[in-house]
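**Q** Give me coordinates for this.
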Amino acid sequence: MKNWKSLGYVFKDLRLLRQALTHSSFVYEQGLNSNASNQRLEFLGDAVLELITSDILYSNRPNLSEGELSKARANIVCEPSLAAYARKLGLGVHIILGYGEAAGGGANKDSILSDALEALIGAIYLDGGLEAAYKFVQSLRIDESVNWVSISDPKSSLQEEIQKWSREPLVYKIVEENGPAHQKEFVSTVSHGGRILGNGRGKSKKESERQAALVALKKLKDA
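**A** Residues are numbered from 1 along each chain as shown. Predicted coordinates:
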């Protein structure tokens, strides 16, 4: 396992890099311990990415409210955005997949790419510390990827996009409710013509719908 130039970071411990790139399908097919996959590093990287993204937005966007900062962060760390960053790095060709997943085009799936990128951030954090992880995330130019027009009212922005080519209404649906009554989390989907365009999570139904609209806008932008 070697470092690659476009990564912009040189690992001291290449075992961490290998683990960050090892998908659970490979671990399963090889009969390895489940902790040999990148899932634990993904868990860590998700938290590190959220912290760094929050700091970048807080520092670079002093005029945004707390709610707008949250929406911008959600726009950055959603699966389609992370997958797009991973593609720019050429991450897909380095991911270690099981034969079945590889044959099914797993190296280009948004879910696998986004998870691998989060795992990579977790690995860089362990290998080089928070400063190294911060520099890596900065190199992705995440602030530039945000659709700032959609941040204030993503549902209206999505409706405007759809109305450019269709009069069929958008449908928002709450598909999950988790947690105790005082600390609920809602999961929403937004659909058009029976096709799910995006999903989102939030502490209120309204916020989960807004997050779903943000994801849908990102997918339409990248399509």
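**Q** count of residues packed around the residue nearest to residue 32 when sequence neighbours are not counted?
**A** Leaving aside its sequence neighbours, residue 32 sits nearest to residue 26 (CB to CB, 6 or more residues apart in numbering; 8.0 Å). Using the backbone N, CA and C atoms, a C-beta is placed for each residue, glycine as well. Using other CB atoms under 10 Å, residue 26 has 22 neighbouring residues.
**Q** What helices and strands are in contact with the lengthiest helix in the chain?
**A** Criterion DSSP state H: the longest helix present in the chain is helix 110-139. Judged by 3 or more CB pairs under 8 Å, 6 or more residues apart in numbering; DSSP states H and E, the packing partners of helix 110-139 are helix 14-20, helix 39-60, helix 79-89.
**Q** Show me what counts as buried in it.
**A** Across helix 110-139, burial judged by 16 or more other CB atoms under 10 Å covers 110, 112-128, 132-134, 136-137.
**Q** Tell me what angle that helix forms with helix 39-60.
**A** 40 degrees (axes from the mean of the first three to the mean of the last three CA atoms, to 10 degrees).
**Q** for this structure, where's the lowest mean pLDDT among helices and strands?
**A** helix 148-151 (a mean of 58; mean pLDDT, DSSP states H and E).
**Q** From the chain's centroid, how far away is the longest helix of the chain?
**A** Remark: helix 110-139 is offset 12 Å from the chain centroid, using CA atoms, centre = their mean, to the nearest Å.
**Q** again with stretch 88-101
**A** How far stretch 88-101 lies from its chain's middle: 17 Å, per CA atoms, centre = their mean.
**Q** which residues make contact with it from outside it?
**A** Under the criterion CB atoms under 8 Å, 6 or more residues apart in numbering, residues 4, 6-7, 18, 21-23, 25-30, 86, 106-108, 112-113, 116-117, 120, 140 lie in contact with stretch 88-101.
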